[in-house]
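Visitor: Sequence and predicted model, in that order:
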Amino acid sequence: MIGREALRYLLAGGVNTLTTYLLYLALLQVMAYRWAYVLAFMAGVGLSFLLLRHLVFARPGKRFSLAWVAASQALQLALGLAVVDGWVIWLRGSAWLAPLAATVVCVPVMFVLQRWIFTPHAH
């Protein structure tokens with residue numbers, strides 16, 4: 001079961017990333033990049049919630065699961081930034097590889113966290 005969920009999680013993440021990036025590019029045509037980024041990020045949180053609830057885990061999850069997903073996305077941003085900084089500053093790695101390092105760290109952490117969110121009786 002976890003293997004199937006993990007595969008659906010990776011696919012949903014790819015769909016979410018591509019969709020929000022395309023939205024960002026479209027919004028750039030009509031607004032400044034910061035606003036485009038914020039709106040695309042917020043849309044990504046909503047899309048992530050829908051994909052996680054209906055396709056990846058296929059269950060409603062805990063009470064206030066949308067708020068939990070939004071909080072987990074904020075955590076992912078903070079964790080990703082920490083990994084990127086650590087990669088570039090402490091390990092002296094290439095900046096262009098830093099997001100890959102963040103992905104390697106964040107994806108498993110987020111899968112476990114978001115699986116918990118969508119498993120109503122887990123403590």
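Guide: That came through fine.

Visitor: And the helix or strand that contains residue 15, what's buried?
Guide: Assigned by DSSP states H and E, residue 15 falls within helix 2-28. For helix 2-28, a neighbour-count test (16 or more other CB atoms under 10 Å) marks 5, 8-9, 12-13, 16, 20, 23-24, 27 as buried. Quick note: C-beta positions are derived from backbone N, CA and C, even for glycine.

Visitor: my read: residue 39 touches residue 27, true?
Guide: Yes: with contacts counted by CB atoms under 8 Å, residue 39 reaches residue 27, the gap being 5.8 Å.

Visitor: And the residue nearest the centre of this protein?
Guide: The centroid of the chain falls nearest to residue 73 when counting by CA atoms, centre = their mean (5.5 Å).

Visitor: any idea which helix or strand carries that residue?
Guide: Going by DSSP H and E, residue 73 is part of helix 65-85.

Visitor: helices or strands next to the next helix or strand after that helix in the packing?
Guide: For helix 65-85, the succeeding helix or strand toward the C-terminus, using DSSP H and E, is helix 98-117. Packing partners of helix 98-117 (3 or more CB pairs under 8 Å, 6 or more residues apart in numbering; DSSP states H and E): helix 2-28, helix 65-85.

Visitor: Could you rerun that using 10 Å?
Guide: helix 2-28, helix 33-51, helix 65-85 (3 or more CB pairs under 10 Å, 6 or more residues apart in numbering; DSSP states H and E).

Visitor: Distance to residue 96 and mean pLDDT added to the ones you listed, as a markdown table?
Guide: Below are those laid out as a markdown table (distance: least, CB to CB, whole Å; pLDDT from 0 to 100):
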| stretch | distance to residue 96 | mean pLDDT |
| --- | --- | --- |
| helix 2-28 | 17 | 93 |
| helix 33-51 | 19 | 92 |
| helix 65-85 | 11 | 93 |
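
Visitor: All set now, cheers.
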